[in-house]
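# Everything below, folded, please.
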Amino acid sequence: MPTWSEILGELGGTATENQLPDFDRVRRKYLHALHLHTGRQTILYTSGWLQKEDAPAARTSIYEEDIHALMEVTYGMSGHELDLILHSPGGSVEAAESIVSYLRSRFSHIRVIIPHLAMSAATMIACAADEVVMGKHSFLGPTDPQFLLSTPLGIRSVPAQAILDQFEKAKRECTDPAKLSAWLPMLTQYGPDLLERSEMALKLSKTLVKQWLKAYMFGSADGAEAQAESVSNWLTSHQNFNSHGRHLPRAELIEKGMRIVQLEEDQALQDKSLSVFHATNHTFAGTPAVKIVENHQGKAFIKRFVNPKQ
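Numbering: from 1, shown residues only. Coordinates of the predicted model:
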């Protein structure tokens, strides 16, 4: 397997005078090599949020437009088995639901390969796979829904469960008039429907994860429904993790009963998957690309962002 630095050297060899390296050609070479190894339809669905911290979330996260990207790259595919290489910070639960619905209508068997991180709504997509391939360096994340709230300290991402828990705590403590004045500034941040939306968001996240796990990953197992419910409750519980950004390693996921394949069991698969990932990261670092959805045939939908302040 070429290392990160070796692929960088390979890219340097493709550069000509006054031109960038041929990032697309090198990345697509490794993506096609992965397809030849597995014999499966192969799609790269990855975000450059780690390299482009200044890019708007709508460019780097799971977003409604991504369904059009997937329609573009799946057009003309004839196989019914898909390898989805997934690296994403998450995003819209509703967009993730649309993506799962579309991909499951196109492919009878989906294997999700996690080269590094699939967080939040990306974890939800992974839960709709028949199996998930992870290395020692790979992680999923909690699926507890978040809300962006405007506060005196600026825009903050707040867990839906934390909103509900804080309101319950306020109800208990506000029976003491001495504590009421301390709670009032916080309670004014609650809009008329925030509690209802928080409850509905939690319910939707739990329902989708449970539904997908039962239908695909646990479908043939005894007690599939109970197992799916247990995992969905665990993933969506803010109290379990205390942070939406917690990294969940494969050993913990296997312990919960998820169908996780260890990437190191197939050395060729590991080498080729990580080569795709390294080449993709170089693309993000060296070009304005912030999201790449691409198939093994070279058909791609690439989202770009250039910071006007730079």
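
# Stretch 75-94 - what's its average pLDDT?
Stretch 75-94 shows a mean pLDDT of 93.

# can you start the count at 5 instead of 1 from here on
Noted, 5 is the first residue going forward, which turns the last one into stretch 79-98.

# Now do the buried residues in that stretch.
For stretch 79-98, the buried set under the neighbour-count rule, 16 or more other C-beta atoms under 10 Å, comprises 81, 86-97. The C-beta positions use only the backbone N, C-alpha and C, and glycine is treated the same way.

# now, which of these sits nearest His113?
The shortest gap between His113 and any of the buried residues of stretch 79-98 belongs to Leu86, at 7.2 Å (C-beta to C-beta).

# what about the closest one, which SS state?
Reduced to three states with DSSP: H, G, I helix; E, B strand; the rest coil, the structure at Leu86 is strand.

# Go ahead and confirm it touches Arg108.
No: taking C-beta atoms under 8 Å as the definition, Leu86 is not a contact partner of Arg108, at 9.7 Å.

# what residues do these two have in common as contacts?
Contact with both Leu86 and Arg108 is made by residues Ile114, according to C-beta atoms under 8 Å, 6 or more residues apart in numbering.

# Contact partners for Arg108?
By C-beta under 8 Å, 6+ apart, the contact list for Arg108 reads 114, 132, 220.

# now, among the residues you listed, which is nearest to Leu35?
Distance ranking of the contacts of Arg108 against Leu35, using C-beta to C-beta, places Ile114 first at 17.1 Å.

# Please tell me I have it right and that closest one contacts Ala133.
Yes: applying C-beta under 8 Å, one finds Ile114 in contact with Ala133, separated by 4.8 Å.

# what's the overlap in contacts for those two?
When contacts are counted by C-beta under 8 Å, 6+ apart, the set common to Ile114 and Ala133 consists of 88, 220.

# Mind jotting down where the strands sit in the stretch 105-254 of the chain?
113-118, 121-122, 135-138, 143-144, 150-155, 158-163, 252-253 (DSSP state E, counting those that start in this stretch).

# so where is the stretch 205-314 of the chain shaky, pLDDT-wise?
For the stretch 205-314 of the chain, applying pLDDT under 70 flags the ranges 314.

# mind redoing it with 80?
Low-confidence segments of the stretch 205-314 of the chain, defined by pLDDT under 80: 224-225, 242-243, 311-314.

# same question, the stretch 5-154 of the chain
Residue ranges of the stretch 5-154 of the chain with pLDDT under 80: 5, 20-22, 149-154.

# How many residues are close by Leu107?
The burial count assigned to Leu107 is 21, neighbours taken as other C-beta atoms under 10 Å.

# Quick one: residues contacting it.
Leu107 sits next to 74, 78, 86, 88, 114, 132 when contact means C-beta under 8 Å, 6+ apart.

# which other residues reach the strand or helix carrying the first one?
This means Leu74. Leu74 belongs to helix 70-78 when elements are defined using DSSP states H and E. Identification of contacts with helix 70-78 by C-beta under 8 Å, 6+ apart yields 45, 47, 49, 99, 102-103, 106-107, 110, 295, 297-299, 303-305.

# at 10 Å instead, please
Outside helix 70-78, the residues within contact range by C-beta atoms under 10 Å, 6 or more residues apart in numbering are 45-49, 51, 67, 86, 88, 92, 95-96, 99-100, 102-103, 105-107, 110-111, 295-307.

# same thing with stretch 54-61?
For stretch 54-61, the surrounding residues in contact (C-beta under 10 Å, 6+ apart) are 51-53, 63-65, 67, 91, 93-96, 120-121, 152, 161, 285-290, 292-295, 307-311, 313-314.

# thinking again about what came up before, now intersect the buried residues of stretch 79-98 with the helices, please.
The helices, defined by DSSP state H, take in Val97 from the buried residues of stretch 79-98.

# List just the nearest of the buried residues of stretch 79-98 to Ala126.
Nearest member of the buried residues of stretch 79-98 to Ala126, counting by C-beta to C-beta, is Ser92, at 3.9 Å.

# Skip the chain neighbours and tell me the closest residue to the closest one.
In space, not counting the residues next to it along the chain, Ser92 is nearest to Ala126; the distance is 3.9 Å by C-beta to C-beta, 6 or more residues apart in numbering.

# so what's that neighbour up against?
For Ala126, the contacting residues are 49, 51, 65-66, 90-95, 100, 103, 116, 118, 144-145, 147, by C-beta under 10 Å, 6+ apart.
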